[in-house]
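# Got a predicted model here, sequence first, then my questions.
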Amino acid sequence: MATSPALMRSDSIAENMPEAMRERRYLMKKCFGRFVEQGRRLMKLYHIMNELEKCIDDQAERHQVLQGILGYILSTTQEAAVVPPYVALAVRPNPGVWEFVKVNANDLTVDGINATEYLKLKESIYEEKWAKDENALEVDFGALDYSTPHLTMSSSVGHGMNFISKILSSNLWDEKEAAKPLVEHLLSMQHQDDKLMINETLNTPTKLQGALVVADVFLASLKEWGFEKGWGDTAARVRKTMRSLSEVLQAPDPVNVNSFFGRLPKIFNIVIFSVHGYFGQANVLGLPDTGGQVVYILDQVRALEEELLSRIKNQGLNIKPQILVVTRLIPEAQGTKCNQELEAIEGTRHSNILRDATTKVLELLEGKPDLIIGNYTDGNLVASLMANKLGVTLATIAHALEKTKYEDSDVTWKEKDPKYHFSCQFTADIIAMNSADFIITSTYQEIAGSKERPGQYESHAAYTLPGLYRVVSGINVFDPKFNIASPGADQSVYFPFTETQRRFTHFHPPIQELLYSDVDNDEHLGFLQDKKKPILFSMARLDIVKNITGLTEWYGKNEKLQSLVNLVVVAGFFDPSKSRDREEMAEIEKMHMLIEKYNLKGQFRWIAAQTDKYRNGELYRCIADTQGAFVQPALYEAFGLTVIEAMNCGLPTFATNQGGPAEIIVDGVSGFHIDPHNGEESSNKIAAFFEKCREDSEYWNKISATSLQRIYECYTWKIYANKMLNMGSIYNFWRVLNKEQKQAKQRYIHMFYNLQMRTLVKTVPIPRDEVPKPTRRT
Ligand code: UDP
Ligand code: LCN
């Protein structure tokens, strides 16, 4: 990892680089000469490092250069646009922080340039004429962010709500009249025709403060003093909410601002859009475009409804909350209920799936929703259109954005558009991000990546689709709209194996059969000779990125691991001819090949994809009974629900260090990280764990317990729902405070949508004209 040798945070690269270049003039001339030698091209960090190695043969000297300022600059360069004699570097010293410089390879002069100039140089590698066109369309969302305060530290990215609480508290503290918008906000609160919180009697901060003092003493006659419903269901709770508001008015601090907004009766009805794939409650997992996202939304609905019911009760209100998940109606539903217009969500009282008719939302809710949540590109786009139309607070979620999945997908969009429709996808994404009042992510890396790798949102800061438009400022990861709210796992299904009373024992016979029977059938293949060994377990879709074949190969190559454990994987199915997905077919064939190659029969069981989550929950626990472990070996994983499902069951977990799991697990404490690109190291690490468990009988229990502790502290739906509703309330006020700027941006988005998006969608064939190949989201 590159550490800055002499550069201070405030130092600019453009200021430091010339002097550093002078000190190594001879070498740098040689290096930059090599960079431009091959003409126009886009170089990535690994190209730069390769060239550097070739230029400086002497290892000691190379080491010295890499340790210095130049080494720091070059190793934090994400890419370089080479347009001889210039080499323009896009340097990323910290997550979310970018600087662009242009070096002349002939005389080594260095100029600081802005994003526009950098993008133009980059475009000229692909479409020079367009790059030089003064009238090429430039999109600049940042120009409309003139009044939004931004976070400054990379480490605080993703904690927007805390930042906003800070701003609100310091604003309220600043001047006497500063509380006026808050009073107006409280005055505007109502549910259908019922007024909530306060009425016109208390229409100034002074009157409200005075009344709060009196009301504290005379709770019985609240209405007389100008207070309405919504303060609490008991005298104690009413008093607490009032004191909380008094504190906000008299001595605001971020904590009491946050807690007061959390108590406000602001959200009753929520609309969630999830348009892609098959959205249903049974028989859908594994169908095109349908994976953890469906699990996420259904669990999210249950958690939000529970939290809403508890809050509404505590607020002393008798209001029925409603959550509607709006999705596509699919006439040929392949044995699912995706052709049913309205379907109640199991485990909820007031939540439904609505298919097809968005106009029905208003009818079903008998009014506007209080919060709209979008999911993924298509869901987010529709959600943003509806939220804008109705003037409702908008949250967006997109656990895996397409842009970062394919290298240079922006500059090479034309060649990939017929298959992937990137132009539409990126346009929809940037519209939704900018429309959103707040953006929810599961992890930090989703927003701002890591020290080495830019985040998914970060990659939308500045990019270009040559020939179409250039985005000079798309989204700023320091915007306080970003919030990390990680999902949980359904704890009525995924609970510790030690809770014997709750266990779904009726599944034990079929699970025994699934794991240990000696015959092959449609559901399982291979057998376990030594039934006493712990089981190393994995479960995922059979996609390349999930790397189940990688895990099988690591196991096949590692005799030590084979001697310690059996391997059981749940993934896809066995007959490649039944798959509609070319990638999956190849993975199925590879699995069969690996079983033969490493002669895995007798210690390896391949189970076909499972659809019953209750049985899956018990399956994780049965694996824990064997003192086994779960492995998530993905080449990249946005979040990784299986990781937290396994941990919830008390199963020690090894998970990829590429993506979300690297944040979920604290390596060596609450589980282990593995490097999917280094199978030998990873399988040795797993083997070492099982060896240690043999030596120390308490070690397995210790890791099991710390995994659970980690889950309870950070990854539960209760934490998520609480955060989500607090955000809904606080960002609702924030958008009122920033009304003018919001409106200006909305007008800009409206124009962009009408002039660009609507034209672009016409280029996308409707699905029935296409080959039935799903667009992978994950
Ligand atoms: N899953 C399942 N059966 C399978 C494979 C996976 O029920 O054969 C479930 C798994 O329990 C989890 C979800 O599908 O709830 C996968 O979510 P994850 O976030 O791990 O990956 P995604 O598929 O969304 O990429
Ligand atoms: C999408 C993914 O790729 C997974 O990593 C997540 O766990 C899933 O959605 C649910 O958020």
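Received the coordinates, thanks. Ligands and ions are numbered 1, 2, ... in the order given.
# C-alpha from now on. contacts and neighbour counts both.
Will do.
# Check the spacing between the nearest residue to Thr552 once chain neighbours are set aside and ligand 1 real quick.
Spatial nearest neighbour of Thr552, excluding adjacent residues (CA to CA, 6 or more residues apart in numbering): Leu594 at 7.2 Å. Counting by CA to the nearest ligand atom, to the nearest Å, the gap from Leu594 to ligand 1 is 20 Å.
# Next, the contact list for Leu594, please.
549, 552-553, 556, 600 (CA atoms under 8 Å, 6 or more residues apart in numbering).
# Tell me where the stretch 651-778 of the chain has strands.
For the stretch 651-778 of the chain, the strands defined by DSSP state E, counting those that start in this stretch cover 653-656, 672-674.
# next one: the stretch 251-400 of the chain
Using DSSP E, counting those that start in this stretch, strands in the stretch 251-400 of the chain cover 269-273, 322-327, 342-344, 351-355, 371-375, 393-397.
# Identify each buried residue in stretch 606-617, please.
Using 16 or more other CA atoms under 10 Å as the test for burial, stretch 606-617 gives 606-610, 615-617.
# Stretch 756-765 spans what distance, first to last residue?
17 Å (CA to CA, to the nearest Å).
# The least confident helix or strand in the chain by mean pLDDT packs against which elements?
Ranked by mean pLDDT, DSSP states H and E, the weakest helix or strand in the chain is helix 222-225, scoring a mean of 83. On a contact count with 3 or more CA pairs under 8 Å, 6 or more residues apart in numbering; DSSP states H and E, helix 222-225 meets helix 205-217.
# which residues touch the helix it packs on?
Contacts for helix 205-217 (CA under 8 Å, 6+ apart): 177, 179-180, 183, 201-202, 221-222, 225-226, 239, 242-243, 246, 249.
# again, only this time at 10 Å
Identification of contacts with helix 205-217 by CA atoms under 10 Å, 6 or more residues apart in numbering yields 176-184, 198, 201-202, 218-219, 221-227, 235, 238-240, 242-243, 245-247, 249-250.
# Just the buried residues of these.
178-179, 181-184, 198, 202, 219, 222, 225-227, 238-240, 242-243, 245-247, 249.
# Which members of the residues you listed are positioned in helices?
181-184, 222, 225, 238-240, 242-243, 245-247, 249 (DSSP state H).
# Also within reach of ligand 2: list those from those.
Restricting these to those within reach of ligand 2 (CA under 6 Å from any ligand atom) leaves nothing.
# Among the residues you listed, show me the least confident.
Note: of those, the lowest pLDDT belongs to Leu222, at 80.
# Quick check: the nearest residue to that residue once chain neighbours are set aside vs Gly668, distance?
Distances taken as CA to CA, 6+ apart place Ala215 nearest to Leu222, at 6.3 Å, with adjacent residues excluded. As for Ala215, its distance to Gly668 is 54 Å (criterion: CA to CA).
# which one of these two has more residues nearby?
The neighbour comparison of Ala215 against Gly668 (other CA atoms under 10 Å) goes to Ala215, with 21 against 12.
# Tell me which residue in the stretch 451-600 of the chain sits closest to ligand 1.
Nearest to ligand 1 in the stretch 451-600 of the chain, going by CA to the nearest ligand atom, is Ala540, at a distance of 4.2 Å.
# residues contacting that residue?
Per CA under 10 Å, 6+ apart, neighbours of Ala540: 286, 291-292, 546-548, 569-572, 609-610, 632-634, 640-642.
# if we can go back for a sec, a markdown table please, covering the contacts of Leu594 and showing pLDDT, neighbour count and distance to ligand 1.
Converted to a markdown table, those look like this (pLDDT from 0 to 100; neighbours: other CA atoms under 10 Å; distance: CA to the nearest ligand atom, whole Å):
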| residue | pLDDT | neighbour count | distance to ligand 1 |
| --- | --- | --- | --- |
| Thr549 | 98 | 26 | 15 |
| Thr552 | 98 | 22 | 16 |
| Glu553 | 98 | 21 | 20 |
| Gly556 | 98 | 22 | 22 |
| Leu600 | 96 | 21 | 21 |
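# Which of the residues you listed sits closest to ligand 2?
Thr549 (18.1 Å).
# so what's the closest one up against?
Thr549 touches 542-543, 555, 569, 571, 587-595, 633-634, counting by CA under 10 Å, 6+ apart.
# Quickly find the element holding it.
Under the criterion DSSP states H and E, the helix or strand holding Thr549 is helix 548-557.
# Please report how far Ile73 lies from ligand 1.
On the measure of CA to the nearest ligand atom, Ile73 and ligand 1 end up 35 Å apart.
# now Thr148
For Thr148, the distance to ligand 1 equals 34 Å [CA to the nearest ligand atom].
# looking at it, that residue is touching Gln741, isn't it?
Yes. Here Thr148 reaches Gln741: they are 8.4 Å apart, a contact under CA atoms under 10 Å.
# what's around the residue in the stretch 51-200 of the chain that ligand 1 sits nearest to, how many residues?
Of all residues in the stretch 51-200 of the chain, the one sitting closest to ligand 1 is Gly158 (20.4 Å; CA to the nearest ligand atom). Gly158 has 29 neighbours, counted by other CA under 10 Å.
# how about it, what does it touch?
Shown in contact with Gly158 (CA under 10 Å, 6+ apart): 151, 439-448, 477-485.
# Pull out the buried residues from the residues you listed.
Judged by 16+ other CA under 10 Å, buried ones among the contacts of Gly158: 151, 439-448, 477-485.
# where does the residue of the stretch 451-600 of the chain closest to ligand 1 fall, phi/psi-wise?
When read as degrees, to the nearest 10, the backbone of Ala540 gives phi -170, psi 170.
# now Arg470
Note on Arg470: backbone dihedrals following degrees, to the nearest 10 are phi -120, psi 120.
# hang on, it packs against Asp140?
Yes. Between Arg470 and Asp140 there is a contact under CA under 10 Å: 8.7 Å.
# Which neighbours do those two have in common?
Contacts common to Arg470 and Asp140, judged by CA under 10 Å, 6+ apart, are 116, 462.
# how far away is whichever residue of the stretch 351-500 of the chain sits closest to ligand 2 from Asn476?
Of all residues in the stretch 351-500 of the chain, His399 sits closest to ligand 2, at 5.3 Å by CA to the nearest ligand atom. Using CA to CA, His399 is found at 17 Å from Asn476.
# okay, these two: which has more neighbours?
For His399 versus Asn476, the count of surrounding residues by other CA under 10 Å is larger for Asn476: 26 against 22.
# Let me see the contact set for the more buried one.
Going by CA under 10 Å, 6+ apart, Asn476 touches 96-97, 141-142, 145, 150-151, 433-434, 447-448, 457-462, 482.
# Then Ser147?
Going by CA under 10 Å, 6+ apart, Ser147 touches 738, 740-741.
# Asp490 in helix, strand or coil?
Three-state assignment for Asp490 (DSSP: H, G, I helix; E, B strand; the rest coil): coil.
# can you pull the pLDDT of it?
pLDDT, Asp490: 96.
# Quick check: it touching Thr716?
Yes. In this structure, Asp490 is within contact of Thr716 by CA under 10 Å, at 8.3 Å.
# count of neighbours near the closest residue to Gly292 other than its chain neighbours?
The shortest distance from Gly292 to any non-neighbouring residue, by CA to CA, 6+ apart, is to Leu641 (6.7 Å). Neighbours of Leu641 under the rule other CA under 10 Å: 20.
# and what of Lys389?
Lys389 has 9 neighbouring residues, counting by other CA under 10 Å.
# If I look at it, what pLDDT would I see?
Reported pLDDT for Lys389: 92.
# mind checking how far it is from Ser435?
For Lys389, the distance to Ser435 (CA to CA) stands at 12 Å.
# the helices in the stretch 551-700 of the chain, which residues?
559-564, 582-597, 613-625, 641-648, 661-664, 679-695, 699-714 (DSSP state H, counting those that start in this stretch).
# who does the longest one touch, helix- and strand-wise?
It refers to helix 679-695. helix 548-557, helix 559-564, strand 629-632, strand 653-656, strand 672-674, helix 699-714 (3 or more CA pairs under 10 Å, 6 or more residues apart in numbering; DSSP states H and E).
# Can you redo these as a markdown table, where the extra columns are distance to ligand 2?
Shown next, in a markdown table, are these (distance: least, CA to the nearest ligand atom, whole Å):
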| stretch | distance to ligand 2 |
| --- | --- |
| helix 548-557 | 15 |
| helix 559-564 | 27 |
| strand 629-632 | 11 |
| strand 653-656 | 11 |
| strand 672-674 | 16 |
| helix 699-714 | 15 |
